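> what's the 3D shape of this:
(chains A and B)
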Amino acid sequence: MGTTLDVLNHEMVPDHQIMGEEEVADLLATYHITLEQLPKIYHDDPAVKTIGGEVGNVIRIIRDSRTAGRAEAYRLVVKRPKK
Amino acid sequence: MNSDMEQRIDSLDLPYRTREDLKVSLADQDVTEEQFEQILEMVFSEYQKSRIEPCEAVGVVAAQSIGEPGTQMTMRTFHYAGVAEINVTLGLPRLIEIMDARREPSTPTMAVHLLDDWAFNRDRAREVSWQIEAAPLHEFGDITIDMENMQVLVMLNKAVCDRRKISIDEILEAGPRKMREKRHFRDFDVEGDPKRAALTFTPKNRESYQNLFQLAEHVRHVIVQGIDDIERVVVRKEGGEYILYTEGSNLKDVFEVEGVDTSRTRSNNISEIADVLGIEAGRNAIIQEALSTLNEQGIGVDVRHIMLVADMMCMEGEVKQIGRHGIAGEKESVLSRAAFEVTVNHLLDAAIANEVDELNGVTENVIVGQPIQLGTGDVKLIAKPINLKI
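Below is the predicted model of the structure:
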C-alpha cells in the first residue's frame, strides 16, 4: 500500500532517545528527584516502540519549544495499566 | 565576535533560542573582551529576572489566564465556522472539548497532505480522495427491488467504476463482505456476476417484504470504497499544493492510503493522535488546538499557560482530562478532591476506606486554616535563641 508510517518522521512527534544509566543518574541528581517522580510514557507508545524502549528506561525528548526554541523533557517508560 | 566567544555563549545556562539570538545579534559586531563580558552579564541577569520565582503558584495563574478570556468567548461564541465548506466546532465548546479530553470531538476533521507526486496535480489529488472518501454502493450503479422474485438487484455502472478507479471484482467482493462485517447484517445470500457487472441479493426469509426492504436499505448504504469514518472529502489548493480536508477522522487508515504524506497529515482528534503517534504528539496537538481555538476568537493567551495544562494532561502517559475523572479526581488529598466536585461522595468514600489526609497541598490547608506552602509560606525559618537566658 502507501508510504510506510514512521512515527518519528511526523512533524508533531519530537525526537525520542533512550538515555544511558549514567545520564539518568546525573539527571536525578541535578533535580534531586527519584525515578518515580518523572513523567511517564507507556511501553506501547508508538514512539517508544519505534526506538525500542523497554519498561524502566528513561526517554529523553527533545521538543521544539515555542518559548525556548529547544527544550529537553524526560519520561520514564512504564507498563500500560490494565483497564 | 570570534569562535571562542561563540563557544562561551553555548556553554551558558540559557535557553537555546536566547543563545541563538545573542549569537545572531553579535555576529557582525566588533566587541572587545570587556564589552562581551558585560553583555553576557546583562543578558544573564535579564534572563534570571524573567524566570518564574520558586514557589510561585503557576497553576492558579494559568487557570486565571485561560479562564478570564474564556468568559469573553461565551459572549460571542460561534458554534460553527466554515473552513473549506466543512463545519468545525470552534470557540468555547471546542475549548471545553479539548480540556475534557473527549475520545471523539463533535466534528472530527483531518487535513490530509499529499506526497509530491500527488500534491501538484488536481486529478491525482482527486484519485487519493476517492481512496479516502466513504462511498456507498448506490453511487456505483442502479439498485432495484424485484418484488416478484424477492430479490435485490444491483447493476454496476462500468463508467463510474472506471472513473473512480475501482474494479468491478473489488466491488462484488467488498459489498457483501462489508455488509457482514461493518453493518452486522447476515440474513442474506448473494450471487455476483462479473460479466454482467451485477449483484443479486436474496434474503434468507423469503416470506417477508419488510425483510426485503431492510435488505435493500443495507445494500444501498454499504460502503464499498474508501474509509468508513470519513464521510466527505474536499480538495483545496493551498500555497500551490492540493490538500484534502475531510469530515470524519481516521488517522490509522488514512496513513495506509497511497499518496498520503505520513509526516504532515493531521487530525483534530487529540486522543486519536495520542494513540497513533504517541503521547508527545498528543501533547503537541493539545497545545496547537487550544491555541488556535483561542487565537481564532482573537484572544491572546500566553502559550506557557497552555503548555502547562498540556503537560499536566499528558503526565501519566495518556491524555487525561482536567476534571473529576482526570487530574482533579486523582489528587492525593481527600479534602482537595472534595473541594472540587461531588463533595459528599468523596468524603463518604474516604471515611469508608479509612483514608488519611497528610495536609501537604494548598487547598486542604486553606480548608483547615493553616498557612499554605506557596511563596513565602513554603520557606521555613527557625529562630536560633542566642541571647536568651532563662
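> what helices or strands is the helix or strand hosting B:Glu34 leaning on?
In this assignment (DSSP states H and E), B:Glu34 forms part of helix B:33-50. The contact analysis (3 or more C-beta pairs under 8 Å, 6 or more residues apart in numbering or on different chains; DSSP states H and E) places helix B:33-50 against helix B:3-10, helix B:16-26. Just so you know, the C-beta spots here come from the backbone N, C-alpha and C atoms, and that holds for glycine as well.
> Find the one among those helices with the highest mean neighbour count.
helix B:16-26 (a mean of 15; mean count of other C-beta atoms under 10 Å in any protein chain shown).
> what is the mean pLDDT for that one?
Predicted confidence along helix B:16-26 averages 88 (mean pLDDT).
> in the chain, which spans are strands?
Using chain A. Using DSSP state E, the strands found in chain A span residues A:15-18, A:40-42, A:58-63, A:71-78.
> wrong one, chain B
B:80-83, B:86-89, B:109-112, B:135-136, B:141-146, B:151-156, B:188-193, B:198-203, B:223-225, B:232-238, B:241-247, B:266-267.
> so what strands line up beside the third one?
Sheet pairing here is set by DSSP bridges, and for strand B:109-112 it gives strand B:241-247 (antiparallel), strand B:266-267 (antiparallel).
> picking that back up, relative to A:Asp26, which of the strands of chain B is closest?
Proximity to A:Asp26 (C-beta to C-beta) singles out strand B:266-267 among these, at 35.7 Å.
> Check the offset of that closest one from the chain's centre.
7 Å (C-alpha atoms, centre = their mean, to the nearest Å).
> Make sure B:Gly91 is actually in contact with B:Gln297.
Yes - judged on C-beta atoms under 8 Å, B:Gly91 makes contact with B:Gln297 at a distance of 6.0 Å.
> what residues are shared contacts of the two?
Counting by C-beta atoms under 8 Å, 6 or more residues apart in numbering or on different chains, the contacts common to B:Gly91 and B:Gln297 are B:Met73.
> circling back to that earlier point, want to throw the strands of chain B into JSON lines with mean pLDDT, mean neighbour count and distance to B:Ile367?
Formatted as JSON lines, the strands of chain B follow (pLDDT from 0 to 100; neighbours: other C-beta atoms under 10 Å in any protein chain shown; distance: least, C-beta to C-beta, whole Å):
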{"stretch": "strand B:80-83", "mean pLDDT": "52", "mean neighbour count": "12", "distance to B:Ile367": "42"}
{"stretch": "strand B:86-89", "mean pLDDT": "78", "mean neighbour count": "19", "distance to B:Ile367": "37"}
{"stretch": "strand B:109-112", "mean pLDDT": "91", "mean neighbour count": "23", "distance to B:Ile367": "44"}
{"stretch": "strand B:135-136", "mean pLDDT": "87", "mean neighbour count": "16", "distance to B:Ile367": "58"}
{"stretch": "strand B:141-146", "mean pLDDT": "86", "mean neighbour count": "14", "distance to B:Ile367": "67"}
{"stretch": "strand B:151-156", "mean pLDDT": "85", "mean neighbour count": "20", "distance to B:Ile367": "68"}
{"stretch": "strand B:188-193", "mean pLDDT": "81", "mean neighbour count": "15", "distance to B:Ile367": "65"}
{"stretch": "strand B:198-203", "mean pLDDT": "83", "mean neighbour count": "19", "distance to B:Ile367": "67"}
{"stretch": "strand B:223-225", "mean pLDDT": "86", "mean neighbour count": "22", "distance to B:Ile367": "56"}
{"stretch": "strand B:232-238", "mean pLDDT": "88", "mean neighbour count": "16", "distance to B:Ile367": "52"}
{"stretch": "strand B:241-247", "mean pLDDT": "90", "mean neighbour count": "22", "distance to B:Ile367": "48"}
{"stretch": "strand B:266-267", "mean pLDDT": "92", "mean neighbour count": "22", "distance to B:Ile367": "42"}
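> Done for today, thanks.
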